[in-house]
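> Dropping a prediction and its sequence here:
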Amino acid sequence: MEKANNKLKLKLIIDKKSNKVLFGEARRDLVDLIFSLLALPLGAITKLLTKDAIVGSIGEVYDSLSNINGTYILSYGKQSSLLNPPLATISDYDTNYFIPPSTYQDTKNRLAYICYSSSKFCCPYVSLVSGTTCLGCGKRMDLQTGLKDPKFDTGMVAEASSEGKRYVAGEVTYSVMDDLTMVPMSTLSSVALFNKFEIKDLGSIQEITVTIGFEEGLKLVKASLESKTVLTDVFLKKNGASKSNA
C-alpha cells in the first residue's frame, strides 16, 4: 500500500471465479486508518454517513438532538460535543479519510480552546468548543487560543505528542482480510492464506490496485458496521472505488 495523489493505494488479491477479495496487502498508514475506526464516536459516524445510511435508530437520536429547541438544552457545548464529537488523530492529515476536507478549510481566524492551571497550558489537547471537558484532567477547556495550519494539526481534538498519531510501528506489511482482520505479513503467511482458501488454480487469482480517499473511507466505515465482507463490498461491487490492474 502506498500514497498516490494524497490517496492511499491498496493491492487486493481477488478470486475472479467468485469475485471476492481473498486478502489485501497494506502498510501502516492504512492499518492506522482501519484501527482508528474504533475511535470514531457514534455521533461522528452518524454525521459522516447521514441518518439514511445508518442501520438502526441512532440516526433518529442524532436528529432529535439536532432539532431540539435551545430552551431545553443545558449547554451548547454539551450539545455540540455529541453532534460534533472529536475525531481521533491519525498519522497524516492528507490521509485522514474519516474527516471531511472542508473541516480544515477557512481556519485562519477560527478559535480553539485549551484547559489551563494558574493561567498556564495544562494538557496536550485542544477543542473547537468552549467548555468541553478535557480528556486529560477533566477541567473545562475555555482558555482561548488560535488554530495552527491544519496540515500540521490533524484533528478536531489533537494530541500534542507524535506517539498519539500512530497505532502500529515500523514499515511492516500487513495482510488485511475481507472482514478487516489484520496480521503482519510474511511469505509463509501468504502461502497459508492460499491453502486456507483452497486455491488450486492460480489462473483464477488476480491482483488489482484500488485507491482510497474520503468517499472510500466512508464506505469502509459503513461496510464495517454491516458486513463481514468489507473489502469485497467496497471495492468489487458496482459502486466500489475505481480500480486498475496491478
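Yes, it's here. This one's a predicted model, so the numbers in the text were calculated from it and none came from an experiment.
> Just the CA atoms of stretch 181-200, as PDB, please.
The C-alpha coordinates for stretch 181-200 follow below in PDB (Å, rounded to 0.1, in the frame of the first residue of the first chain):
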ATOM      1  CA  THR A 181      -8.800  -9.000  10.300                       C
ATOM      2  CA  MET A 182      -5.200  -7.700  10.100                       C
ATOM      3  CA  VAL A 183      -1.900  -9.600  10.800                       C
ATOM      4  CA  PRO A 184       1.700  -8.900   9.900                       C
ATOM      5  CA  MET A 185       2.500 -10.500   6.600                       C
ATOM      6  CA  SER A 186       5.200 -13.000   5.600                       C
ATOM      7  CA  THR A 187       5.900 -15.300   2.700                       C
ATOM      8  CA  LEU A 188       4.700 -18.300   4.800                       C
ATOM      9  CA  SER A 189       1.500 -16.500   5.800                       C
ATOM     10  CA  SER A 190       0.700 -15.800   2.100                       C
ATOM     11  CA  VAL A 191       1.100 -19.500   1.300                       C
ATOM     12  CA  ALA A 192      -1.000 -20.400   4.300                       C
ATOM     13  CA  LEU A 193      -3.800 -18.000   3.100                       C
ATOM     14  CA  PHE A 194      -3.900 -19.600  -0.400                       C
ATOM     15  CA  ASN A 195      -4.100 -23.000   1.300                       C
ATOM     16  CA  LYS A 196      -6.900 -21.700   3.600                       C
ATOM     17  CA  PHE A 197      -8.900 -20.600   0.600                       C
ATOM     18  CA  GLU A 198      -8.100 -23.900  -1.200                       C
ATOM     19  CA  ILE A 199      -6.800 -22.100  -4.200                       C
ATOM     20  CA  LYS A 200      -5.500 -24.700  -6.700                       C
END
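> contact partners of that stretch?
Contacting residues not belonging to stretch 181-200 are listed as 15, 22-23, 25-26, 31, 34, 172-176, 205 [C-beta atoms under 8 Å, 6 or more residues apart in numbering]. C-beta coordinates here come from the backbone N, C-alpha and C atoms, glycine included.
> Quick check: the gap between residue 222 and residue 191.
From residue 222 over to residue 191 the distance is 33 Å, taken as C-beta to C-beta, to the nearest Å.
> What are the boundaries of the helices in this structure?
28-35, 42-49, 58-67, 76-83, 187-196, 214-226, 230-235 (DSSP state H).
> For the shortest one, give me every contacting residue.
Counting by C-beta under 8 Å, 6+ apart, the neighbours of helix 230-235 from elsewhere in the structure are 12, 19-21, 24, 176-180, 208, 210, 216, 219-220, 223-224, 227, 240-241, 243.
> one more time with 7 Å
Outside helix 230-235, the residues that touch it by C-beta atoms under 7 Å, 6 or more residues apart in numbering are 12, 20-21, 24, 178-180, 210, 216, 219-220, 223-224, 227, 240-241, 243.
> and those, which of them are in strands?
Among the contacts of helix 230-235, the ones falling in strands (DSSP state E) are 12, 20, 21, 24, 210, 243.
> By pLDDT, give me the weakest of those.
Least confident by pLDDT among these: that is residue 243, with 48.
> What separation is there between the residue nearest to residue 68 when sequence neighbours are not counted and residue 46?
Among residues not flanking residue 68 along the chain, residue 79 sits closest, at 8.0 Å (C-beta to C-beta, 6 or more residues apart in numbering). For residue 79, the distance to residue 46 equals 14 Å [C-beta to C-beta].
> Start and end of stretch 29-45, how far apart?
One end of stretch 29-45 sits 20 Å from the other (C-alpha to C-alpha, to the nearest Å).
> Which positions within it qualify as buried?
29-37, 40, 43-45 (16 or more other C-beta atoms under 10 Å).
> what's the answer for stretch 138-148, then?
140, 141, 142, 143.
> wait, what's in contact with the second one?
Residues near residue 141 by C-beta under 7 Å, 6+ apart: 113, 114, 115, 127, 132, 134.
> quick one: which of these sit in strands?
Using DSSP E, those in strands are 113, 114, 132.
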